[in-house]
Each structure stands twice: as C-alpha cells, then as structure tokens.
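build me a structure from this.
(2 chains)
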Amino acid sequence: GESVGLHLPTLSVQEGDNSIINCAYSNSASDYFIWYKQESGKGPQFIIDIRSNMDKRQGQRVTVLLNKTVKHLSLQIAATQPGDSAVYFCAENMWSSASKIIFGSGTRLSIRP
Amino acid sequence: DTEVTQTPKHLVMGMTNKKSLKCEQHMGHRAMYWYKQKAKKPPELMFVYSYEKLSINESVPSRFSPECPNSSLLNLHLHALQPEDSALYLCASSLTGDGSDTQYFGPGTRLTVL
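Purely as a prediction, here's the structure:
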C-alpha cells in the first residue's frame, strides 16, 4: 500500500486566507519530499521540495514544514488566490539511488470568494 | 526551456489497435519516466529510464512497451490494451535520476480504450 497519506481529502478556504495542507508519511527512511499541484486537465506541477536534513523551506507564498519526529509534512499557502484551486499531492522518495517517488492520495483545495 | 511535451493530448483506440505515446524534453535531463493516473487518484509509476537505459519497470503488463530512442525522447508503445487501461498517461523527466532529483511532468495524454 501507499506509505504517504493525507489527513483531509478536501479543503475549502476563503480567498485571502492562508491554506494548510497536511500529509503523513510512514517510512522513516524517506529523505526527500515534494509537493505537487495538479490543476484539472494538466500534469502535476512542482511547487516546492525539502530534504530530510531541513525542517522548513520557503518559496514564493508557499512554505513546507517537515516534522520527522511524527513523520508529518505540511504545505502552507499564504493569501490563497483563486488560481490556487487544484489537487495537491505530497510525495516522498526513500531511495537514495533512484528517483522513485511515491505520491500521497491528494487533497483538493477549493477557494471561496 | 523547462517544459516536457507530450503528444497526442487525447487518444481513443480499440483493443486491437497499436498506438504510441510520445514525450520530449530539452532540459538536458537524463532520466525520464512514465506514470499512469486514473481519475481522482495519484500518479503511479510505470517505467524509469536513466541515461537511456530502462532502470525500473513496476511490473507493468507487456502490452505497454517503453522505448527511449535518445536522452530527449521517450515513447510508450501500446498494443492490445484493455478498457481498464483508460487513464491519463504522464511523462516526467529529471536531471540524473538519483534519489534527490526533482521530477518535472508533462501535461499528459488522455487515453480511452474502447
């Protein structure tokens, strides 16, 4: 079965508010984590990644937090916009020698006007 | 150029047809991937090519046959598919194919098998 899972399948957020999407992983050997955004009819789009030697990484309007103690990953989106509506997947790579990532089941983010 | 392109965008085929999906990238990446994605599900890895050699086959049925003619191109040959093979087929590429590589995805080919 999948080693990466999400707490909530759907998330509805007011436009302008911050969004937090959570992800739990089960393999403590995983050392690389990625967040992807997939809009309807499109392929997954890389958002941000984090290595296991880091706790936090920031991008433009996005922050990823990694808590290795409880095997938890989160994606924070600041000032959520209508264009942020999509399915968000976390993914993990536990193989240092191969880029073989396992995707979580996904969270659909919808934005209320 | 940071784009992975895939053709065709849509494909409808019968169970006796032979067709091919094509993927191309010009980012100098040496690893390329095929994924299958069913509706409302995450992508599932099918094949990985690293430096033009097949490095991972996730026990995919032989009716799917990958080919990597050169480092920029990746094909997926389809033959005698079943209706349950209908899905979005995604291609991705990454720099080297090692464990900390970021994979970049194409828009996918929506395949319908009748």
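
up against chain A, what does chain B have?
Contact residues (C-beta under 8 Å from any C-beta of the partner chain) of chain B with chain A: B:4, B:6, B:31, B:33, B:40-45, B:48, B:50, B:55-56, B:90, B:92, B:94, B:96-108. Any C-beta I mention is one placed from the backbone N, CA and C, and that applies to glycine too.

what subset of the residues you listed is buried?
Listed as buried from the residues of chain B next to chain A are B:4, B:6, B:31, B:33, B:42-45, B:48, B:50, B:56, B:90, B:92, B:94, B:97-99, B:101-108; burial here means 16 or more other C-beta atoms under 10 Å in any protein chain shown.

give me the below-cutoff pLDDT ranges for the chain.
You didn't pick a chain, so chain A it is. Counting by pLDDT under 70, chain A contains low-confidence ranges at A:1-8, A:96-97.

ah, no, chain B please
Along chain B, the model assigns pLDDT under 70 to residues B:1-2.

quick one: residues contacting the spatially most central residue of it.
The centroid of chain B falls nearest to B:Trp34 when counting by C-alpha atoms, centre = their mean (2.9 Å). By C-beta atoms under 8 Å, 6 or more residues apart in numbering or on different chains, the residues touching B:Trp34 are B:23, B:45-47, B:64, B:66, B:74, B:76, B:89-91.

can you check B:Pro8 too?
B:Pro8 is in contact with B:21, B:109, counting by C-beta under 8 Å, 6+ apart.

any idea which of the contacts of B:Trp34 is closest to chain A?
B:Leu90 (5.3 Å; C-beta to the nearest C-beta).

quick check: the closest one vs A:Asn27, distance?
According to C-beta to C-beta, to the nearest Å, B:Leu90 stands 23 Å off from A:Asn27.

number of residues surrounding B:Ser71?
17 (other C-beta atoms under 10 Å in any protein chain shown).

which ones are touching it?
So B:Ser71 contacts B:28-30, B:51-52 (C-beta under 8 Å, 6+ apart).

any idea how far A:Trp35 is from chain B?
A:Trp35 sits 11 Å away from chain B, going by C-beta to the nearest C-beta, to the nearest Å.

hang on, that residue packs against A:Cys90?
Yes: with contacts counted by C-beta atoms under 8 Å, A:Trp35 reaches A:Cys90, the gap being 5.7 Å.

between these two, which contacts overlap?
Common contact partners of A:Trp35 and A:Cys90 (C-beta under 8 Å, 6+ apart): A:21, A:73, A:75.

which residues does the first one contact?
Spelled out, it's A:Ile21. Contacts of A:Ile21 (C-beta under 8 Å, 6+ apart): A:6, A:8, A:11, A:35, A:74-77, A:88, A:90, A:107, A:109.

just the ones of the residues you listed in strands?
A:11, A:35, A:74-77, A:88, A:90, A:107, A:109 (DSSP state E).

which of those count as buried?
Buried among those (16+ other C-beta under 10 Å): A:11, A:35, A:74-75, A:77, A:88, A:90, A:107, A:109.
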